[in-house]
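J.: Please find the sequence and the predicted model below.
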Amino acid sequence: MKWIYSVSLAVSLAMQPALAETLPGNHPMTEQARDAFVNQLLKKMTLDEKIGQLRLISVGPDNPKEAIRDMIQKSQVGAIFNTVTRQDIRAMQDQAMQLSRLKIPLFFAFDVIHGQRTIFPIPLALASSWDLDAVKEVGRVSAYEAADDGLNMTWAPMVDVSREPRWGRGSEGFGEDTWLTSEMGRSMVQAMQGKSAADRYSVMTSVKHFALYGAVEGGRDYNTVDMSPQRMFQDYLPPYKASLDAGSGGVMVALNSINGVPATADSWLLKDLLRDKWKFKGITISDHGAIKELIKHGVASDPQEAVRIALKSGVDMSMSDEYYSKYLPDLVKRGDVSMAEIDDAARHVLNVKYDMGLFNDPYSHLGPKESDPQDTNAESRLHRAEARDVARKSIVLLKNRLETLPLKKSGTIALIGPLADSQRDIMGSWSAAGVAKQSVSLLQGMRNATEGKATLLYEKGANVSDNKGIQDFLNLYEPAVSIDTRSPQQMIDDAVAKAKQADVVVAAVGEAQGMAHEASSRSDLIIPPNQQRLLAALKATGKPLVIVLMNGRPLSIVNEDRMADAVLETWFSGTEGGNAIADVLFGDYNPSGKLPVSFPRSVGQIPIYYNHLPTGRPYNFAKPNKYTSHYYDAVNGPLYPFGYGLSYTTFTVSPVKMSSPTMARDGTVEASVTVTNSGQRDGATVVQMYLNDPVASISRPVQELRGFKRIMLKAGESQTVTFKIDVDALKFWNQQMQHVAEPGKFNVMIGLDSVRTENAQFNYL
Ligand code: NOJ
C-alpha cells in the first residue's frame, strides 16, 4: 500500500516550489533514474550537507531525541537508529521534511536480528532448522513488523562464519559452515528485502560484519584476525558474497583487524574487493564507534587521521561517532580528502535512500498518523503461530536413551532449573523490540500442554550462576537475571524434594541470554558449576532425567550428557519458545533439527570443526598410535558432530547412486540416495551431501557440505533425494589464489549428519 505524505508536509512543499524535485515524487525505481536524480541532488548540496548525510546517530542517553531533532533541522544527520515507534520516527522525519533546507528524508535502522516485536529463535537456532523456508518466514515477518514500526533498514543478517564457541556472538550467526551460512544469509536477505526495499513491508538489509569477525583470536570479542588468503576466500568470505549477490543494500564493516589492518581502515577490503571485484553498489556503514577506534588500533595518531583513513578506505557512513561531522570539513579544506571522495560516500547514502523509496514517499513505512497502533506492544501485532512453527523446527534432539522422550501428558513431572521460568532468557540476545512478558517460558509452555492431564511441579533449583562477578556482569545494564537469595544448598534441596515426587525430571539449564551476546566471550564452555551440582543431585534421585539446554553456543557437556536420559538443545527459542519446546517434549512435534556447529568435549579442543584439513598423521580410532594428531588426555573428536540430530522416528539411507562415474569438464553429475522412515512416527530429517577432493594441489578438507535437503516422511515412507553437483561445488582457491576445479577423483558422502554417511566416487575429467 502506498501512503500519501502528511498534510503538513504538503503545505510546506507548496510554499517552496524550488525544492520540489528533491521532495516526494514519482521517481522511477531504476538505477538510471536514481543516478540522474542523485547527481542533481548532490549539485545542490553544500559540503556540510553532504557530510551530514554520512552521520548515523543512535538515539540514547548521549543523543537524546531533542538534541537530534535540532541536528536534523540543520541537515547534520543522514540516518537514525535505535528508535522503534512510528510516533518517534515520524517526528524526526517531519523535522527533516519540514525544516531542513533540502528536505532529504532520513532513513531509520535497527538491529532486527531474529524478529522485531515477535522474537524468533536466535540465528544459530534458525541454522539448526536447516530449513530455508523457515528462515524466509522469519525474514518476512521480521521485515513486516520492522517496516510496520517505521523502520527502513536492519543490521542483519550476521553471516560471520565462526569456529569459535568461546565467542558470544556465534549466537547471532549461522554456525561453523560456509555453505549453510551462505544459504541462510541469502534467504534472509531475499525475504527481508522482498521484491524491493521500497515496498511497504520490506526493509533493506545490512550484511555484517565485513569481514571475518567470527574468527577473532581466542574467541575474544573485538580481537585480531589473522588468516591465509585461501582460508579467507574459501571459508569465510562466501557468505557475505552470497548475501550481496542476493541484493543486500548495506554492508556493516567489522570491528576487528584483518592481518594487521582494521577492517574500518582496509581499502583493499572495502574498495578493491567489495566495490571493484564484487561490484557492490550499496552503502558501507562503520560499526558502532569504529572510526574512533582506529586510534586505539594503532593505525591513526589522532581523530583527523582516523577520519581520513576511514573515508578514504571506503567507509561511507559513520555509526555513532561525531568524527566525520567534526573533522571532514577541515580535511576537505586542507585537500586531504577530496570533494569527489565526499561525493562518493554521500552518493551511496542517497542511493540507498532512493532505493528505499524515500524520495517518493518519506513516510512510506509510517503511513498517516491516524494509522499508528494505539499500543505498540499490542498482542495483535505479534505473529505467534509463525514463531512457534519455526521454534519447533530449530530444536535438536541430542540424546534419547530408551525413548525417554516424548513424555506422556500424565503422572507427575518436575520441571527444575534456572532457565525454566525465565521469559527474558528464552528470547535470547538482540531481541529487538520484543517484550519479555509476552514470551512463553518453558514453565508456561509445559503448563499449557499438561493442564488438566498431568501434575507439573516447578522449582528453580539454582541461580544461573553463583559467581557474584558473573551475576554482576549479566545485570550490568538491566536487571536481566533475577537472583534467588536462598542458599545454593537450600535451592538444591527444594528441587530434589520436588523431583522425588515426580515420575520424570526435566531440567532447564545452560546459559542466561547475556552469556551469549556481544562482549560475552567465555574462557570455558561448561554449564556453570552450581547448575552442574543441581543436575548431579537430580540424577541421584534415580528419576529419568531430561536436560533441556538453553544456550547461545555449543557447550561442553560430557558429564551432563552421561547423566541424562535425554538431551534437547533448544538454544534461545523466542517469544513462543516455551510452547515450542513443550510440543517437542510431549511429542506433538517430532524434532528434526540438526547441529550447525560441532560440540566440543572441552574448551581445549577448540578449534574443532568438521571440515578440517587432513594431517600427515591422522588419528585412527580403531588403531590408536602415539605419533598421530590427537590429544592424549581426551577422547578425540566432538561430543556431537556437525549436522547431527535425532528424531522420534528412525531413518535409513540407501547406498549412493551416481548418475555417471564421471563428470565432464564444466558439466554436472547427480548423486542420489533413498531415505526411508523406518520408524513408527511421521517425521522430517535433513539429508546432507558432502564432497571431498582427496588429491589436489593443496590439501583439501576431509569433507565439505555442498548440499542439503529437508524432507518430511510419513512412517514407512521412502523418498529419493538427488543432489546435482556442478563444477562450482568442486572449486577451491589454489596456492596462486585462482579459483579452480582440478580434475581427478572426488568422494561424495551423503547422510543424516556429517559422520554416518554413505559414500561414492566420481571422476572429474
Ligand atoms: C555493535 C554491533 O557490533 C553491531 O552488530 C550492531 O549492529 C551495532 N552495534 C548497532 O547496534
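T.: Right, received. Where do you want to start? Note that this is a predicted model, so its numbers are computed, not measured. Numbers count the residues shown, from 1 in each chain.
J.: Now do the phi/psi pair for the residue nearest to Ala198 when sequence neighbours are not counted.
T.: In space, and not counting its chain neighbours, Ala198 is closest to Gly357: 2.8 Å by C-beta to C-beta, 6 or more residues apart in numbering. Quick note: C-beta positions are derived from backbone N, CA and C, even for glycine. According to degrees, to the nearest 10, the main-chain angles of Gly357 amount to phi 80, psi 10.
J.: What residue in the stretch 551-700 of the chain comes nearest to the ligand?
T.: Gly552 (14.6 Å; C-beta to the nearest ligand atom).
J.: Can you tell me the number of residues neighbouring Pro655?
T.: For Pro655, the count of nearby residues is 11 (other C-beta atoms under 10 Å).
J.: I'd guessed the residue of the stretch 551-700 of the chain closest to the ligand sits against Gly514; true?
T.: No: here Gly552 lies out of contact with Gly514, judged by C-beta atoms under 8 Å, at a distance of 9.4 Å.
J.: Between the two, which contacts overlap?
T.: Residues within reach of Gly552 and of Gly514 at once, by C-beta atoms under 8 Å, 6 or more residues apart in numbering, are Ser429.
J.: more neighbours, the two?
T.: Gly552 (29 against 24).
J.: Next, that one: secondary structure please.
T.: Judged by DSSP: H, G, I helix; E, B strand; the rest coil, the three-state class of Gly552 is coil.
J.: Ok, Leu350 next?
T.: On the three-state scheme (three-state DSSP), Leu350 is labelled helix.
J.: With adjacent residues omitted, what lies nearest to it?
T.: Val38 (4.6 Å).
J.: Quick check: phi and psi on that neighbour?
T.: The phi/psi pair for Val38 (degrees, to the nearest 10) is phi -70, psi -40.
J.: what's the pLDDT at it?
T.: Val38 is assigned 97 on the pLDDT scale.
J.: Provide a list of residues in contact with it.
T.: Residues near Val38 by C-beta under 8 Å, 6+ apart: 347, 350-351, 354.
J.: ditto for Pro165
T.: Neighbouring residues of Pro165 by C-beta under 8 Å, 6+ apart: 219, 525, 553-555, 597, 600, 606.
J.: between those residues, which is closest to Gly469?
T.: Ranked by distance to Gly469 (C-beta to C-beta), these are led by Leu525 at 17.8 Å.
J.: how would you label the closest one: helix, strand or coil?
T.: Counting by three-state DSSP, the backbone at Leu525 sits in coil.
J.: Now it. Nearest residue, chain neighbours left out?
T.: Ser556 (4.3 Å).
J.: phi, psi of the one you found?
T.: phi -90, psi 110.
J.: Low-confidence stretches in the protein?
T.: 1-23 (pLDDT under 70).
J.: Go again with 50.
T.: Residue ranges of the chain with pLDDT under 50: 1-20.
J.: how many other residues sit next to whatever residue of it ends up closest to the ligand?
T.: Closest contact between the chain and the ligand, by C-beta to the nearest ligand atom, is at Trp155 (3.4 Å). By other C-beta under 10 Å, the residues close to Trp155 number 23.
J.: Can you report phi and psi for it?
T.: Main-chain dihedrals, Trp155, degrees, to the nearest 10: phi -90, psi 70.
J.: Quick check, it in contact with Val251.
T.: No: applying C-beta under 8 Å as the test, Trp155 and Val251 come out as separate, 10.5 Å apart.
J.: which residues are in contact with both of those two?
T.: Here Trp155 and Val251 share the contacting residues 206, 208, scored by C-beta under 8 Å, 6+ apart.
J.: Spit out the contact partners of the residue lying closest to His630 once chain neighbours are set aside.
T.: Nearest residue to His630, sequence neighbours excluded (C-beta to C-beta, 6+ apart): Tyr619, at 3.9 Å. Tyr619 is in contact with 625, 628-630, 636, counting by C-beta under 8 Å, 6+ apart.
J.: mind listing which of these are in strands?
T.: In strands, defined here by DSSP state E, there are no members of those.
J.: Mind checking which of those are buried?
T.: Buried members of these, counted by 16 or more other C-beta atoms under 10 Å: 630, 636.
J.: Dump the contacts of Tyr619 to TSV, plus distance to the ligand.
T.: Below are the contacts of Tyr619 laid out as TSV (distance: C-beta to the nearest ligand atom, whole Å):
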residue	distance to the ligand
Asn625	45
Thr628	40
Ser629	35
His630	36
Asn636	35
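J.: Show me which pair in the contacts of Tyr619 is furthest apart.
T.: Across the contacts of Tyr619, the longest distance by C-beta to C-beta is 12.1 Å; it joins Asn625 and Asn636.
J.: picking up where we left off before, Asn620 versus the residue of the chain closest to the ligand, what's the distance?
T.: 46 Å (C-beta to C-beta, to the nearest Å).
J.: if you go through the stretch 351-500 of the chain in chain order, where are the helices?
T.: For the stretch 351-500 of the chain, the helices defined by DSSP state H, counting those that start in this stretch cover 384-393, 442-450, 468-474, 488-501.
J.: who are the neighbours in contact with Thr662?
T.: Applying C-beta under 8 Å, 6+ apart, the residues contacting Thr662 are 669, 762-765.
J.: near the ligand, which of those residues show up?
T.: Among these, no residue sits close to the ligand (C-beta under 6 Å from any ligand atom).
J.: Can you select the buried ones among the residues you listed for me in ChimeraX?
T.: Filtering the contacts of Thr662 down to the buried ones (16+ other C-beta under 10 Å) takes a single ChimeraX command:
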select :669,762,764
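J.: out of the contacts of Thr662, which are inside strands?
T.: Using DSSP E, the contacts of Thr662 in strands are 669, 762-764.
J.: from these, which two are the most distant?
T.: Most distant of the ones in strands among the contacts of Thr662, by C-beta to C-beta, are Val669 and Asn763, 9.4 Å apart.
J.: Show me which residues of this protein are close to the ligand?
T.: 111, 155, 208, 287-288, 518.
J.: Would you convert these into JSON lines that also reports secondary structure?
T.: JSON lines is the format used below for the residues of the chain next to the ligand (three-state DSSP):
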{"residue": "Asp111", "secondary structure": "coil"}
{"residue": "Trp155", "secondary structure": "coil"}
{"residue": "Lys208", "secondary structure": "strand"}
{"residue": "Asp287", "secondary structure": "coil"}
{"residue": "His288", "secondary structure": "coil"}
{"residue": "Glu518", "secondary structure": "coil"}
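J.: Of these - the most surrounded one?
T.: Neighbour counts for the residues of the chain next to the ligand, by other C-beta under 10 Å, peak at Lys208, which reaches 28 neighbours.
J.: From Gly175, how far off is the spatially closest residue to that one that is not a sequence neighbour?
T.: Using C-beta to C-beta, 6+ apart and skipping residues adjacent in sequence, the residue nearest Lys208 is Met252, 3.6 Å away. Note on Met252: its distance to Gly175, by C-beta to C-beta, is 20 Å.
J.: What is the burial count for Leu102?
T.: Applying other C-beta under 10 Å, I find that Leu102 has 16 neighbouring residues.
J.: Please disregard the earlier target; I meant Lys44.
T.: Neighbour tally, Lys44, other C-beta under 10 Å: 14.
J.: again with Ala432
T.: Ala432 has 23 nearby residues by other C-beta under 10 Å.
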